[in-house]
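Undergrad: Any chance you could fold what I've pasted below:
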Amino acid sequence: MERSRAPPPPPRRGPWILCLLPALAGGQLLAAGDAAYEERRVTGVRGRAVELSCGPAAAAPPAVVFWSFAGSSGPPRAVAVGSGWQVAVASGAGTLGRVTLRNGTLELRELRAAAQGRFLCQGLFPEPGRLRVGYAAVLLRVLVPVSKPFVRPTAAAAAEGAAVALTCSVREGTEPLSFSWQHREPRGGPSASPAGLGGSGAELRLTPANRSHAGWYACTVGNEVNNHTSEPVYLDIVYGPDEPAISVEPFSPDQGGFSAGEREDVVLSCLAPSNPPSRYVWLHNGSQVHTGQTYVIAAIARAQAGTYTCLAENTHLQTRTQATIVLTVYYPPAGSPSCSAQATGDPQEVALRCRWLGGFPPARLRWVGPQEEEEEEEEEGVMGTSFSMATSIQPGAATRNGSSFSCLASHPALPQGAACGTTLWVPAGGPSCTAAATKGDEYVMLWCRWEGGTPPVTLRWRDGGGRALGDPSPSAAVLVLSADGSLRGRDFVCAAAHPLRATGAECRLRLGKPSLRRVPRAGVTHPRHLHSPSPPPPCHPADVPELEAERSEVAVLEGGEARLACRRAGGGGSLGASVVWYDPKEREVTPGVAKYQLERGETWVNLTVRDAEWPGDGGIYRCAAANAVGTASLPVRLRVDRYPAPPNVTISKLRYTRARTEVRLEWRTQGAGNLTGFVVQRRQAKKPPRRAPGPWETAAGDIEPHSRDRRLGGLDPTVVYAFRVLAVNHRTAGHPSEVQTPAEPPFEAYPAVTGAAVVGMLVATAASFLAVRWVAHHRDTLPRLHDLLFPTAGPGAQEPIGTPEDAETATSSEEGAAAAPGEPAAPGTAAEPLAETPDNDTDPPVNVTITVTATP
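TA: So this is what the prediction gives:
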């Protein structure tokens with residue numbers, strides 16, 4: 001046991017009491033009075049402190065106390081013993097905690113879980129005149145606090161409709177444990193208990209999971225000691241996209257869709273709830289026009305009307321939904337409304353006509369009469385409404401001279417509307433009659449005029465007997481007669497009528513001799529009595545030419561030919577009417593123009609428009625005819641339609657070649673559609689500051705429709721270019737691809753290194769060969785190196801002949817050897833040794849280093 005000393009104690013009782021400890025430790029009782037027995041339960045918390053008292057709280061502390069511990073198995077083990085201020089703690093008591101003993105009370109600090117069990121206390125309690133033995137059994141229960149829990153979902157992201165479970169776990173904690181769950185929305189907000197969700201306790205089940213389950217989840221675990229909350233874990237629910245909802249601004253619902261005025265800014269917005277957020281693609285009549293949630297159409301044109309489809313895609317789930325609307329573009333008719341007043345079949349009535357053709361929808365027209373000075377209801381004076389053309393019949397007797405009428409036009413694309421007006425009035429004076437000769441005096445033309453007035457005065461020729469000649473006409477009436485003897489002395493009357501005039505007016509004309517040449521004016525008489533009428537002379541109606549067109553509207557695809565046919569009808573041909581064509585810019589079409597081809601007949605003229613272009617060749621072509629009486633015009637509309645849009649194009653590869661004067665371009669198409677080729681355009685990518693980008697120029701055209709790559713040359717290496725590709729369907733170009741700049745070519749070091757190595761080896765070989773050859777030819781310069789490279793043969797061996805000098809030396813040696821034996825040997829003959837043997841060579845070897853540098 002370890003001993004510990006407390007502060008200076010009071011006078012100690014005799015140490016003889018300690019002699020009793022072995023007996024107490026063995027469980028033997030002291031025969032000293034009656035023994036007291038006590039048993040109780042105590043609860044402690046791991047890591048905290050707990051006190052175990054021996055005996056009643058009110059009793060005096062024991063004189064001697066002995067504490068032992070009995071775990072779940074095994075015999076009791078001594079913990080501590082004390083007598084007064086003297087305390088001894090067993091060495092193994094540290095497994096229970098930090099043990100201290102004071103006044104018989106055992107205090108366990110930093111309590112450990114191993115301390116759970118039965119503690120036995122035996123003590124001697126002093127009483128007056130005796131010592132009482134006390135026994136106490138303390139059952140200690142050690143509670144473990146709950147550790148911080150953690151949440152583990154079966155999946156961090158789950159699809160909507162799937163089953164998801166979240167498990168809350170703790171490493172330790174004394175049961176029973178209580179679990180509670182908290183849920184917070186993804187965008188913040190207070191935490192709330194996920195009411196209505198399946199599961200309880202340590203597991204929370206979401207079956208099936210929906211989008212409202214997404215958010216942060218945390219669990220709180222508690223026991224009778226403490227409670228702990230986990231860190232929040234985010235659960236992502238993947239869903240969608242739902243069916244898109246398309247909104248249009250400005251909001252203008254129409255039957256089955258939406259409408260907008262021409263030149264108006266239209267904003268299309270698409271919303272399809274999805275997680276992750278949807279990817280939006282806009283299609284116009286089946287062709288992609290925009291990527292993004294909002295599509296802004298600035299100054300919308302009538303050609304941009306049609307169906308707009310919003311395609312929403314969830315890239316995680318690979319699901320798509322779409323919604324389609326019909327957008328109608330309203331555009332007003334061209335120009336402004338025109339008002340006119342014309343006479344009707346009844347000479348006492350006037351027809352007010354308001355005309356404003358074209359536009360979509362047609363303009364709404366209504367006539368408004370003059371306001372009376374007297375009090376009347378607001379509705380009075382307002383006539384019926386109609387579209388494009390409005391006609392109101394006004395009685396002449398009830399209309400004052402100088403009355404004004406207005407035609408009010410309204411259209412959805414015109415907030416302010418439009419108006420035109422006319423004033424009914426009778427011209428002053430009366431009709432005037434003249435006669436003239438035409439066509440080489442073959443015809444006599446009678447002309448009656450009374451200009452002015454609204455509506456114009458209706459004039460009609462009659463003979464002296466009152467029979468009508470020709471048709472009535474406004475302001476001027478022309479009658480053409482064949483010049484013969486029957487016209488001499490004949491009277492002709494021009495009758496004039498106006499709806500606002502109660503009585504008519506007339507002028508009379510008497511013709512002279514028929515042999516008159518181009519008499520500008522005949523005498524005008526007003527006889528009171530007419531002679532008996534004779535048969536009327538041959539009469540040729542002199543009217544404005546009438547024109548007929550094969551079709552009032554001709555449609556042709558861009559690049560084709562359109563034929564516009566016009567012919568003359570009626571009786572105006574006798575006056576030599578000529579027919580001409582005018583283009584949409586009111587220029588007369590003449591032969592010899594490459595764009596047009598004219599084909600003429602006696603009464604017809606056909607116009608062929610070659611290689612029709614959109615929109616330049618479309619518009620109103622006018623067929624006009626004129627004769628001595630007047631002119632007529634007939635409009636024919638030519639509509640040049642474009643081919644359907646080809647599919648979109650995406651660049652897949654764009655890379656420079658090594659010289660940067662060429663690029664290699666590859667692309668691919670997206671979507672369905674017809675195409676007849678591709679066009680590659682380029683422009684300078686890096687432009688000077690504060691300067692607009694330059695125009696696109698064609699780098700390659702007329703590319704076959706099956707091609708998907710192209711090599712483009714003629715580039716300046718110092719200029720950075722931008723490229724794009726367009727699909728073409730005849731003359732209709734598709735949506736341009738994204739703009740890209742060429743990438744740098746990949747660095748290929750292997751061929752360069754291999755080539756450099758081969759060249760280096762060749763150069764080294766050649767240098768070595770030259771060095772060896774030089775040493776072989778210069779034996780005296782480097783004799784040691786020569787002998788090292790070309791070793792000398794032994795005695796009796798013949799040295800190989802490698803050079804002419806060696807051959808001469810060998811010849812002289814043979815001659816010396818063949819001399820008489822008695823003659824002395826000359827220097828340099830074979831009597832001398834050719835070379836020293838290696839054994840006699842005492843000179844050090846020579847090292848030669850040859851360095852060859854190979855440059856690729």
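Undergrad: And residue 281, how far from residue 437?
TA: According to CB to CB, to the nearest Å, residue 281 and residue 437 sit 77 Å apart. All C-beta spots, glycine's among them, are computed from the backbone N, C-alpha and C.
Undergrad: meant to ask about residue 644, not that
TA: Residue 644 sits 62 Å away from residue 437, going by CB to CB.
Undergrad: Repeat that for residue 390.
TA: Residue 390 is 45 Å from residue 437, by CB to CB.
Undergrad: can I assume residue 775 sits in a helix?
TA: Yes: using DSSP: H, G, I helix; E, B strand; the rest coil, the assignment for residue 775 is a helix.
Undergrad: picking that back up, looking at residue 390 and residue 437 now, which is surrounded by more residues?
TA: A direct count of neighbours by other CB atoms under 10 Å for residue 390 and residue 437 places residue 390 higher, at 24 against 17.
Undergrad: The more buried one is in contact with residue 351, isn't it?
TA: No: counting by CB atoms under 8 Å, residue 390 does not reach residue 351; the two are 10.8 Å apart.
Undergrad: Nearest the middle, which residue of the chain would you pick?
TA: Computing the C-alpha centroid of the chain and ranking residues by CA atoms, centre = their mean puts residue 291 first, at 1.7 Å.
Undergrad: I figured that residue hits residue 270, correct?
TA: No: Residue 291 is beyond contact range of residue 270, at 11.3 Å (criterion: CB under 8 Å).
Undergrad: Show me whatever sits in contact with both of those two.
TA: Both residue 291 and residue 270 are contacted by 280, 282, under the criterion CB atoms under 8 Å, 6 or more residues apart in numbering.
Undergrad: Low-confidence ranges, the stretch 551-700 of the chain, go.
TA: Applying pLDDT under 70 to the stretch 551-700 of the chain flags the ranges 570-577, 627-630, 687-691.
Undergrad: who's the residue nearest to the centre of the chain bridged to?
TA: Beta-bridge pairing for residue 291 (DSSP bridges): residue 281.
Undergrad: list the contacts for it?
TA: By CB under 8 Å, 6+ apart, residue 291 lies in contact with 279, 280, 281, 282.
Undergrad: Helices of the stretch 601-750 of the chain, start to end?
TA: Applying DSSP state H, counting those that start in this stretch to the stretch 601-750 of the chain gives helices spanning 749-777.
Undergrad: just the chain next, same as before
TA: For the chain, applying DSSP state H gives helices covering 21-25, 749-777, 783-789, 804-817.
Undergrad: for the stretch 51-200 of the chain, which spans come out with low pLDDT?
TA: 58, 189-200.
Undergrad: Quick one: neighbours of residue 283, just the number.
TA: When neighbours are counted by other CB under 10 Å, residue 283 comes out with 17.
Undergrad: One more: the one 5 residues further on?
TA: Look at residue 288: counted by other CB under 10 Å, it has 18 neighbours.
Undergrad: Now for the closest residue to it other than its chain neighbours, how many residues are close by?
TA: Using CB to CB, 6 or more residues apart in numbering and skipping residues adjacent in sequence, the residue nearest residue 288 is residue 648, 5.4 Å away. Neighbourhood size, residue 648 [other CB under 10 Å]: 21.
Undergrad: Residue 736 now?
TA: Look at residue 736: counted by other CB under 10 Å, it has 15 neighbours.
Undergrad: wait, it sits on residue 728?
TA: No: between residue 736 and residue 728 there is no contact under CB under 8 Å: 11.3 Å.
Undergrad: Distance of residue 123 relative to residue 40?
TA: Counting by CB to CB, the gap from residue 123 to residue 40 is 15 Å.
Undergrad: More neighbours: which of these two?
TA: Set residue 123 next to residue 40 and count neighbours by other CB under 10 Å: residue 123 wins out with 24 against 10.
Undergrad: What is the burial count for the residue nearest to that one when sequence neighbours are not counted?
TA: Excluding its sequence neighbours, the residue lying closest to residue 123 (CB to CB, 6+ apart) is residue 62, at 3.3 Å. When neighbours are defined as other CB under 10 Å, residue 62 has 26 of them.
Undergrad: Please name the residues that touch residue 62.
TA: Contact analysis of residue 62 by CB under 8 Å, 6+ apart lists 54, 55, 104, 123, 124, 125, 126, 134.
Undergrad: Check the burial of the fifth one by counting its neighbours.
TA: When you say that, I think you mean residue 124. When neighbours are counted by other CB under 10 Å, residue 124 registers 23.
Undergrad: do the same with the last one
TA: Using other CB under 10 Å as the criterion, residue 134 is surrounded by 20 other residues.
Undergrad: From residue 646, how far out is the residue nearest to residue 559 when sequence neighbours are not counted?
TA: Spatially, and ignoring its direct neighbours in sequence, residue 559 is nearest to residue 731 (5.4 Å; CB to CB, 6+ apart). Distance of residue 731 to residue 646, given as CB to CB: 11 Å.
Undergrad: out of the two, which sits in the more crowded spot?
TA: Neighbour totals were compared for residue 731 and residue 646, and residue 646 leads with 26 against 16 (other CB under 10 Å).
Undergrad: The more buried one reaches residue 675, doesn't it?
TA: Yes: between residue 646 and residue 675 there is a contact under CB under 8 Å: 4.0 Å.
Undergrad: quick revisit: and the residue nearest to residue 288, what is it in contact with?
TA: By CB under 8 Å, 6+ apart, residue 648 lies in contact with 287, 288, 669, 670, 671, 727, 734, 735, 737.
Undergrad: could you dump the residues you listed to JSON lines with distance to residue 369?
TA: Converted to JSON lines, these look like this (distance: CB to CB, whole Å):
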{"residue": "287", "distance to residue 369": "51"}
{"residue": "288", "distance to residue 369": "55"}
{"residue": "669", "distance to residue 369": "63"}
{"residue": "670", "distance to residue 369": "62"}
{"residue": "671", "distance to residue 369": "58"}
{"residue": "727", "distance to residue 369": "59"}
{"residue": "734", "distance to residue 369": "56"}
{"residue": "735", "distance to residue 369": "54"}
{"residue": "737", "distance to residue 369": "62"}
